[in-house]
Structures are given as structure tokens and as C-alpha cells.
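1. Quick one, structure for this:
(2 chains)
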Amino acid sequence: MLEVRGLESGYKRSTVLQGVDLDLAAGQVLGLLGRNGVGKSTLINTLMGLVHASAGSVRLDGVDLTHRRPDVIARAGVALVPQGRRVWAPLTVTEHLDLAARRGRGRGPWDIARVLALLPRLGERRRHDAGQLSGGEQQMLAIARALLTNPRLVLMDEPSDGLAPAIVDMIGEVIGGMKAEGVTLVVVEQDLHLAFAVADEIAVMDKGRVVHRSPTLQFRSDSSVARALLGVA
Amino acid sequence: MSLPVGTPATPAAIASTTPPRTAERRTGRLLRVALPLVVLVVLAAVPLFVAPFGTSTLSRILIFALFAVSLDLLVGVTGLPSLGHAAYFGVGAYAAGLVAIHWTAEGVVPVLVAAAAGAVAAGATGWLAVRSGGVYFLMLTLAIGELVHQLAQSLASVTGGSNGLYGIPTVRIGGTPLTLPGYVYWFVLAVTGLGYLGLHLVASSPFGGVLRGIRDNEPRMRSLGYSPFRYKFAAFVIAGGFAGLAGGLFAAQVRLVTPSEAGFTTSALVLLAVILGGAGSLWGPILGAAVVVLVRDALGPDLDGHGPLLLGIVFVLAVYVLPRGFAGLRDLLRRRPSPGETP
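-> A predicted model of the protein is given here:
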């Protein structure tokens, strides 16, 4: 479904991605790990078109998305749950859902009722401004916003970032629910516990490349890889 | 590895936050409907009690307020601070004046033509302006404003040049000219009221929601699949149309249009009104416009033409005392937690 070949990108004079190759099958959940600064977020943002690719290619179901604008990429079926949530603080939960649903209506199975069934907490908070929500609720709102565009591929950048462990578990359950619905996901995570809980496969990045990939069970059983690439036992 | 970084987000903490109370909401809704009606009734009664000078000053305030609210759609709702919005006000004023002189002064015809002219002018210039942002947008709109100002000066055969376009006949309703300032005021009040309602509907529609999304985080809106250009352009054209409508009312009320109506001073004053009133609220700029017009027209003559100086002082004070304008006052009152409100 997703084919990334030799992707290079970066900011001004520094090249962060040094030739990323990545394949993803429909319905698969990939956990993307790596130390700080190895290019995980840059990869996500380049796939979304928010960072310009200087070389290589990105294809989604055979359609070339390499140098497209983010709105074109979004309409092609890619959605982003950004790091730090980035909800619109002055807009209410309902306004957020409406904004996203207007773009995704009729393009897939996700509508507001179905998203609220997955994320019932948001239903209770519909009238509140997003800025009044807790970090966990904002994360759920960011997920809802992405799902409502009826994407074929969802990119999640550190969904556990800044959240209490109990909330991280709830986010894990939500991702599990998305997976059960057949959503294809790339989840960038620092929290190994969450990544192991949701991902079918683990990919590890180092110095702007994907340097390791294996099924989650295998990755967990072989601690040498984690130690070498992530600096953890 | 995952650390609770400053978020009070245990499930218990989430569950304990209460939704806004329904009684409070009902009062809020009632206020939103009742308050504008009361204001409208009071405003409609003004000519019965106030001298003609006061009435025509209030007409000017209403016109300037509609103009300011149209700019607020750009500045406050869409996040596009324009320094050339007077261009469309001026275009509307000239269009209405010319229609009234050469064709008909009947009722709303000149002001509707003015609105259309403002929208067309905004469409012709906005497709370029909204492609930029920040300082570049400011500079481009400033340039557009100056261009229209210069055109108004140099096309003397059409606009009357620096003498202005004069001899604009009085507004007529059903063939009867509105000779008394009170009648003109009612006409202005009706049109500005409808204009304000229109802008309010635009801002509170789903389209307005997209504009606010673009204002707060454009890349995020792109990531949802929205193309910001189309929405910003549409907002620019709508704002230009309502500025043109205000310009048309200006021509009907003052019956003289000069190039300065399209000039930088007018653009700067209307932006001042928006900032004084509180950008993004739509109602705040009405109060801002009142302050600007009162200081300039009512107090200015008594101050030996030092009105702008007083306005400058008011502005500096407002920036320090009311950083979010008059509209910020209401939030200050509302956000202060009353005892017993804590969950």
C-alpha cells in the first residue's frame, strides 16, 4: 500500500532523512522507533508533505505523492495525528469534528457517530473548547479529526507524548480499536510498551534511515537489537 | 519511559470536569438573541430624542462599524491583517455615488451595486494578496489601497479627482427623497443591521469554522485536506463586498466621496477600530468604530485638529490596559470563576 523509496528530506541546509525505504501493507500497524533526532518525525512530516522531499519517492497504492501539497496528500487518503496534538484551542470539540467530517464525508466508513463510538469521552465533551480538554482528551480529538477524513493511512507522531501512564493505556486501546477496524497505521513512539502493544511490526530508524525491521514478537524476544539501536534493555 | 509531563490527565480528573451548566447556557442564548434586539430598538429610537448632528454622527458610526466588522472577518476570523481595506470601501462609495448621480438613487440599488463593486474589486486584487501572508500580506494590501487611492485622484473625469465626487442626490425610498437626517439614519441602521447579521452568519457558519482553523493552524487544515487559498480568497471577497456596502452607505449619507475614503488613513483607522474593539469577536469592532469616529469627528474639531493625537493616546492605552480590546472585557468577566463553580 505505502511504498517509500530512497526518501531524503530535511530543513534548510541539514539533510535529516538520508534515503528511507519503507513498505507497508494495507491493515498493517507499524511501530516506528528510534532515538531522539534520528528523523522519525521528519519522516512522518515528509510523508504528509509538510516537509519538502529533496529526493526519493512516496507512493500510496501506486499513486505518486512525493512532491504534493499536504492538502492533496490528505485528499489522497493520508491523515496525520501530529505530535503535541495541535488541536485548535478556541474551537469546540463539535467544531473540530465537523471540520474534519466535511472533508471525509462519503469517502469511507468513518462518520461522527462511529468515531464517537470509538472515543465516547469526546461525546461527553462536545460543547467544550478544545483548549479546555486534558492532554488525553486532546489526543483523542486529534485521532478523531484524522479518522473523520476517512484516510487509508494514518500517521501518528508520538501519541503518548506528555501523557500519564493510565492515559497512554487508553490511547493504546483506541489504537487497538482502529486496528480492529482495519486502519493502516504508522505509529512513531518513544514508549516501547505502547509500541509493542499496538504494532504488528517494529521498524527502527537511525541516522535518517530505517536500519531494522522485524515482527513485534521477534523484536521483543531479541533484546540485543533494542539495546544496540535504542539504548534500552 | 512515558512520563506524566504536567498534564492533569488521570481518568478521574477527566471525569470530574463538568460540562457548562444548562441554565447558564440558556441565559447565554437568551442574551445573544435579546441583547441585539434591545440595542436595535434603542438605536432606532435615537432620532426621536437626539438632535440632527448627533443622529448623523451616529449614522457615521454605524457605517464605520459595518466597515470595521467586515475587516474583522479578515483580521480576526481569518488572521489576515489588511492595511488596504479602505480600497473596497472607497470603490463601493464611488460606485454608489456614480449610480445615484447617473442612474438612480432609489433605496438599496446604489448600496447593492456598491457591495458588488467592492466584492469584484476584492476578487480582482485578492487572488494575488491572499497568496502571501504576514508582513507580505500587509505590504501588498497597503500597495493595493494606495493604488486605488491614486486611481481615484487621477481619474478626475469619473471620480472628480481630488475635489471628490459631489452632487450625489439624496437616497429615495419609493420615489420620496429622505431629506431629514433621521430618515437617512433609519435607512443606514436597517442596512448596517442586515450587513452585520450577514457577516455574523458567515463567521458562525461551517465556512467560518474553516477560516478560524486556517487562522490558528494553516498546516493542520492542509493536513485535513483543505486548500487554504480558496477559503482565504472567499473571505477576502466577502469582506470586500461588505466594505463596499459600507462605502455605499457612506456615499448615501455624506453625499460626497473623496479619494481619502480609499486612502491609507481610512485603512489605518478601521484597523485601529478592529484592534480597539477586539479582533475576532465581530461585535467588539462596533465599539472600536464608535470610539474612532467620536474622537475624530465629535471631539476632533474641539481639539484644533488634534483628534488623531488623542486617538493615538487612546490606542496606546488600550494596548496596555485592554490587550484584547473591548471584547476582551467580556471574557475577563466571564472567565473569572465564581465561588462554587469549581467542580
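
2. Tell me which residues of stretch A:12-22 come out buried.
-> Within stretch A:12-22, the residues that count as buried by 16 or more other Cβ atoms under 10 Å in any protein chain shown are A:15-17, A:20, A:22. Placement of C-beta: from N, CA and C, glycine included.

3. er, stretch A:196-205 I mean
-> For stretch A:196-205, the buried set under the neighbour-count rule, 16+ other Cβ under 10 Å, comprises A:196-199, A:201-205.

4. and if you look at stretch B:204-219?
-> Of the residues in stretch B:204-219, B:208-219 count as buried by neighbour count, 16+ other Cβ under 10 Å.

5. center of chain A - which residue?
-> residue A:156 (1.5 Å; Cα atoms, centre = their mean).

6. Wondering if the helix or strand bottoming out on mean pLDDT in chain A reaches chain B at all.
-> Using mean pLDDT, DSSP states H and E, the weakest-scoring helix or strand in chain A turns out to be helix A:223-230, at a mean of 74. No - under the criterion of Cβ under 8 Å from any Cβ of the partner chain, chain B is not reached by helix A:223-230; the shortest gap measures 9.9 Å.

7. Now do the strands in chain B.
-> Under the criterion DSSP state E, chain B contains strands at B:172-173, B:176-177.

8. What backbone torsions are found at residue B:171?
-> With angles defined as degrees, to the nearest 10, residue B:171 sits at phi -60, psi 140.

9. Tabulate the strands of chain B (JSON lines), appending mean pLDDT and distance to chain A.
-> Compiled in JSON lines, the strands of chain B are given as follows (pLDDT from 0 to 100; distance: least, Cβ to the nearest Cβ, whole Å):
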{"stretch": "strand B:172-173", "mean pLDDT": "88", "distance to chain A": "41"}
{"stretch": "strand B:176-177", "mean pLDDT": "86", "distance to chain A": "47"}
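
10. quick one: which of those strands is nearest residue B:226?
-> Nearest to residue B:226, of all these, is strand B:172-173, at 43.3 Å by Cβ to Cβ.

11. the helices in chain A, which residues?
-> Under the criterion DSSP state H, chain A carries helices at the ranges A:40-47, A:70-75, A:93-104, A:112-118, A:120-124, A:135-148, A:165-180, A:192-198, A:216-221, A:223-230.

12. what's in contact with the fifth one?
-> The set of residues that contact helix A:120-124 without belonging to it, under Cβ atoms under 8 Å, 6 or more residues apart in numbering or on different chains, is A:93, A:97, A:115-116, A:137, A:140-141, A:144, B:14, B:19.

13. related to what we said a few turns ago, could you export the helices of chain A as a markdown table, including distance to residue B:67?
-> Shown next, in a markdown table, are the helices of chain A (distance: least, Cβ to Cβ, whole Å):
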| stretch | distance to residue B:67 |
| --- | --- |
| helix A:40-47 | 41 |
| helix A:70-75 | 32 |
| helix A:93-104 | 28 |
| helix A:112-118 | 38 |
| helix A:120-124 | 40 |
| helix A:135-148 | 36 |
| helix A:165-180 | 48 |
| helix A:192-198 | 53 |
| helix A:216-221 | 62 |
| helix A:223-230 | 60 |
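
14. Give me whichever of the ones you listed is most buried.
-> Most buried of the helices of chain A by mean neighbour count (mean count of other Cβ atoms under 10 Å in any protein chain shown) is helix A:135-148; its value is a mean of 26.

15. check contacts around residue 104.
-> Going with chain A. Per Cβ under 8 Å, 6+ apart, neighbours of residue A:104: A:110, A:148-151, B:225.

16. that answer is for a different chain, and I need it for chain B
-> B:110, B:172.

17. pLDDT at residue 175, what is it?
-> You didn't say which chain, so I picked chain A. According to the prediction, residue A:175 has pLDDT 88.

18. other chain: chain B
-> What the model reports as pLDDT for residue B:175 is 82.

19. which residue sits closest to it in space, ignoring its chain neighbours?
-> Sequence neighbours aside, residue B:106 is the residue nearest to residue B:175 in space, at 7.4 Å (criterion: Cβ to Cβ, 6 or more residues apart in numbering or on different chains).

20. What is the neighbour count of the one you found?
-> 14 (other Cβ atoms under 10 Å in any protein chain shown).

21. same check, this time on residue B:84
-> Residue B:84 has 28 nearby residues by other Cβ under 10 Å.

22. for residue B:309, same thing?
-> Neighbour tally, residue B:309, other Cβ under 10 Å: 13.

23. do you know how far the nearest residue to it once chain neighbours are set aside is from chain A?
-> Closest residue to residue B:309 apart from its sequence neighbours, by Cβ to Cβ, 6+ apart: residue B:303 at 7.6 Å. For residue B:303, the distance to chain A (Cβ to the nearest Cβ, to the nearest Å) stands at 39 Å.

24. quick one on the thing from earlier: just the closest of the buried residues of stretch A:12-22 to chain B, please.
-> Closest approach between the buried residues of stretch A:12-22 and chain B, by Cβ to the nearest Cβ: residue A:16, at 17.7 Å.

25. Flag the shaky bits of chain A, pLDDT-wise.
-> Filtered on pLDDT under 70, chain A yields the residue ranges A:232-233.

26. can you check the stretch 101-250 of chain B too?
-> Low-confidence regions of the stretch 101-250 of chain B, defined here as pLDDT under 70, do not occur.

27. per-residue pLDDT, the residue nearest to residue B:309?
-> So, for residue B:303, pLDDT stands at 74.

28. That one and residue B:310 touch, don't they?
-> Yes - with contact defined as Cβ atoms under 8 Å, residue B:303 counts as touching residue B:310 (6.2 Å).

29. which outside residues touch the least confident helix or strand of chain A?
-> A:33-35, A:192, A:204, A:206, A:211-212, A:214, A:219, A:232-233.

30. taking those residues as a set, which two sit the farthest apart in space?
-> A:211 and A:233 (18.9 Å).

31. more neighbours, the two?
-> In terms of neighbours (other Cβ under 10 Å), residue A:211 is the more surrounded of residue A:211 and residue A:233; the figures are 15 against 7.

32. Please determine how far the more buried one is located from residue A:198.
-> Distance, residue A:211 to residue A:198, using Cβ to Cβ, to the nearest Å: 21 Å.

33. what's the answer for residue A:56, then?
-> Counting by Cβ to Cβ, the gap from residue A:56 to residue A:198 is 27 Å.

34. residues touching residue B:138, list them.
-> By Cβ under 8 Å, 6+ apart, residue B:138 lies in contact with B:81-83.

35. quick one: which of the residues you listed has the most company?
-> For the contacts of residue B:138, counting by other Cβ under 10 Å, the largest number of neighbours falls to residue B:82: 31 neighbours.
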